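Visitor: Pasting a predicted model and its sequence here:
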Amino acid sequence: MKIQILQENLQKGLSYLSKAIPSNPQLPILSSILFEAKETGCVISATDLYFGVRAQLQSSVKEEGTIVIPGKQFKELISSLPSGKLELTFTDGTLTIASTHSKTKLQCQSAEEYPQFPQVEGQTYSFSSQQFQDIDRAVGFSASTDQARPVLTSILFEISQKGLSTVTTDGFRLSMYTVPNSQSQTASRLLLQAKALQEVNRIVKQIDEQTVSFVVSEELKQVYFSVGDVEMYIRLIEGEYPPYEKIVPSVFTTEVTFSVGELEDNIKRALIFARDASNIIKFTVGEDKTVQLSASSPSLGTFEGQLQSVTVSGDAVEIAFNAKYVQDILKAIAGESLWMGMGESLKPVLCRATDSDAAEYVIMPFKVNG
Amino acid sequence: MSSLPDGVTTAQVQKIWKSVCAELQLQLSPAVYNTWIVSNPLTSLVFLDDTQALATITSPTAFHSTNLKKNLHLQIKHSLDIHTTRNCNIEYRIGDPSLAFETPSSGTVNNQTAPGFGSIKTDLYPEQKPQVQQQSQQNYSHQIGHNQEHQNQQTTSPRVEDLFSEQSLSSAQSDRVGAISRKIGLRNDFTFETFAVSTTNEMAHAAATAVSNRPGNAYNPLFLYGGVGVGKTHLMHAIGNNILKNNSNCRIIYSTGEEFTNEIVHAIRNKKANVFKGKYRSADVLLVDDIQFIAGKNAVQEEFFHTFNALTKQLSQIVLTSDRPPHEMNLLEDRLRSRFEAGLMIDIGQPSFELRTAILLVKAKAARIDIPMEIAKTIASQVESARKIEGIITSIRSEVELKRRTITPELIQEILRVEITEKRPMIRVTPSEIIRTVANHYKFKQTAIKGARRSKPLVTARHIAMYLLKEDLSLPLTEIGKWFSNRDHTSVLHAVNKINKEMAINDQVRQDISALRMTLTAISR
């Protein structure tokens, strides 16, 4: 095998693969990347058997060949090299990488043992990149990271009356986002891993493509993305999604509208004291239609902030949240004010931006003694 | 997948797979074995006959399955063939192997496919706990100079309830149902649970329960009729509330005959008849209270007739209430009457003394006031309609809560006096209207009422007319006499006294009078 390639192009290709190279796999060969040089071009691939990426490289192939290169070391090496032309030659189990001033030899395995990528065929879906990124921004943050319940680590795509709904929940909070102007293309529910989609989004952003389309194979439980020169394989998650519509509160005894900026600032202050108390911050809505935000730490002290730009209607209530949950919502909404509908102090709370109800958030309050 | 026709149980499948694993483990390197065999188990085995078998191997992803098929198929097949003593065809499936295993044994299906979301909590709890710990833990560690910040320890104070806990699901559900029923116009406190049943209304209660459990299928339409305050509206609301409880997506429309009339008038005036039709004809359940109001209004009856037909055609439930049975609604169109009579018609009688007492106690309990049995009986003996009972309870409550008085027989007497005499709505009609209404009610000609004939039913009707003229219009006795063929004022006095007496002992007379008063209130200005 013999090819010539620009360091920039190789480094870019390797960066797409980075999340698909496991650091300590059961099967050692998975920590390597597959390098295929054919007359039609070079393709590099990596997978941990759950997530897989293939990238086309711009290169000139002098001599065909397929090898497996230790992933981490190869990536480190290439990124440390100066930009410019590289020549990769493979002979007798050794890959020689020659740049203008250096020559590196890497021991490589034969390609036979590297796992094959599946052929994914099925229904094709497409989104504009903007829509896809909006989904991730609006709901991606509240997916669970606990692998023990794969269903909760995923984003639910579902056709509802309102259009395409996307949902995530970790069991304590719930985010729902209705994708505007989405053609009704999904016939069924799809569960896609939030983390994998985040990676897809990262790559989409780098490639700067306008549309994201993917193929779903129900039979193979696999989803195949093809964006520019990069192909990604992610797993279709199976399982029953929690009955999320059922817990969305519908009756509110107290409704408060916050100014996003003011609330963000106050939470930041409160967090200093809440940090070592499970991030608990308390909202006190008074009879006199005022809202106070407070946090306390037994060792450090307390914070109390009176929110100025709030509109309150309804009853007085005290309610405690994980500040991070509120912060995440404030980050996700685009508007300048946040509406919050509350019931009793232990009932879930509904939040949304006042100027749009495309995204809605439910958070479960903390139970605070006393 | 679970059929296993010739008795290859899950246990057997697992046993065979175990022996296959043992063999493959010897042939393969540990890395290959762990990656490709352990995580891709045999999940089902079907013996087709003595020589053939179908084996299913489930892999977590398409990557596993593709490569297993490509690289290890022969080895697995060879091993399987030996252990099953058959020629195995292997099918590669993708799914969660742990789920696939459990499915054949029916008992665990539910646990597996619809995991209780309570378990999410157990899964996620550990994530929350360390944070919760830190507060107490850090203080502690500061004091004794150890550094064990991230040690887990049982916490007592704050915690987040699971969003999908039973409790949270059911409370969200009941909130939702409550909100929907309020939006429809149903009273949340009118449910079957708060409805006191006795002989006079048990039939109606049973029919209403049946209808609410199987709307559209049980009795359609259900027509409830009876006098004032016998619980028609309560039952109707209870039907609506119960249907919503069972299925919160059910489209229920509740209106009174009068609202229905007004809506039609409004729709016609604003040229929005189609909107009106669309609204009523898309209902799954239509509840119309006091349907007698549409009698005599031709355009309204016409529209109701078409709505009725459209709804029964699509098996939507219709429930109607009225103060009298269809055949007594004189101005009702025949085609509507026959349709009302086609369903189940139930008469709800005036509540008996015992039932009134029971209703009083139920309502008192709902209003959180404690009324002793003796007092309850006193009230029940003097108040005939359930609606008045409600009024009295409200008065008692305000006396108790606002004026801090205790419930004594004297207080009750005082309230009863005020309630019974003063709460009657003012009737402002002409004497001839009263006579006409009474005549219509008893199906006599007005001239007969005013005339001289003295058959018994006619005399009762005449007396009632006189009574109403005296009691409600406060006409002088001689003036009343003039309306009835110039009768003497003593005859009128006799009539009024007689009806007053009858009222106390004769339920029928009392009912007739309250029905007449209701009609008169409706036409009064």
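Guide: Structure's in. What do you need?

Visitor: for the stretch 251-370 of chain A, what spans make up the helices?
Guide: If DSSP state H, counting those that start in this stretch is used as the criterion, the helices of the stretch 251-370 of chain A fall at A:260-274, A:323-332.

Visitor: how about the ones you listed in a markdown table, adding mean pLDDT and distance to B:R335?
Guide: C-betas here are computed from N, CA, C, even on glycine. Converted to a markdown table, those look like this (pLDDT from 0 to 100; distance: least, Cβ to Cβ, whole Å):
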| stretch | mean pLDDT | distance to B:R335 |
| --- | --- | --- |
| helix A:260-274 | 92 | 62 |
| helix A:323-332 | 92 | 59 |
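
Visitor: what's the most buried one of the ones you listed?
Guide: helix A:323-332 (a mean of 21; mean count of other Cβ atoms under 10 Å in any protein chain shown).

Visitor: Need the contact partners of that one.
Guide: A:137-139, A:141-142, A:172-173, A:175, A:260, A:263-264, A:267, A:270-271, A:274, A:279-281, A:295, A:338, A:351, A:359, A:361, A:363 (Cβ atoms under 8 Å, 6 or more residues apart in numbering or on different chains).

Visitor: hey, C-alpha coordinates of it in CSV?
Guide: The C-alpha trace of helix A:323-332 is given here as CSV (Å, rounded to 0.1, in the frame of the first residue of the first chain):
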residue,chain,number,x,y,z
ALA,A,323,-30.5,24.6,40.3
LYS,A,324,-28.7,22.7,37.4
TYR,A,325,-32.1,21.7,36.0
VAL,A,326,-33.3,25.2,35.9
GLN,A,327,-30.0,26.4,34.4
ASP,A,328,-30.2,23.8,31.7
ILE,A,329,-33.6,25.0,30.7
LEU,A,330,-32.6,28.6,30.7
LYS,A,331,-29.7,27.7,28.4
ALA,A,332,-32.0,25.8,26.1
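
Visitor: show me where the stretch 101-250 of chain A has helices.
Guide: Secondary structure of the stretch 101-250 of chain A by DSSP H, counting those that start in this stretch: the helices cover A:129-139, A:194-207, A:244-247.

Visitor: related to what we said a few turns ago, out of the contacts of helix A:323-332, which touch chain B?
Guide: A:F172, A:R173, A:N279, A:I280 (Cβ under 8 Å from any Cβ of the partner chain).

Visitor: can you pull the buried residues of the helix or strand hosting B:I253?
Guide: In the assignment (DSSP states H and E), B:I253 maps to strand B:252-256. Residues B:I252, B:I253, B:Y254, B:S255, B:T256 are the ones in strand B:252-256 that count as buried (16 or more other Cβ atoms under 10 Å in any protein chain shown).

Visitor: and which of these is nearest B:A310?
Guide: B:I253 (12.7 Å; Cβ to Cβ).

Visitor: count of neighbours near whatever residue of chain B ends up closest to chain A?
Guide: Nearest residue of chain B to chain A, counting by Cβ to the nearest Cβ: B:A62, 3.6 Å away. Neighbours of B:A62 under the rule other Cβ atoms under 10 Å in any protein chain shown: 26.

Visitor: Likewise for A:Q116?
Guide: By other Cβ under 10 Å, neighbour count at A:Q116 equals 14.

Visitor: The one 3 residues further on too?
Guide: Residue crowding around A:Q119 was assessed by other Cβ under 10 Å; the count is 11.

Visitor: Sweet, I'm off.
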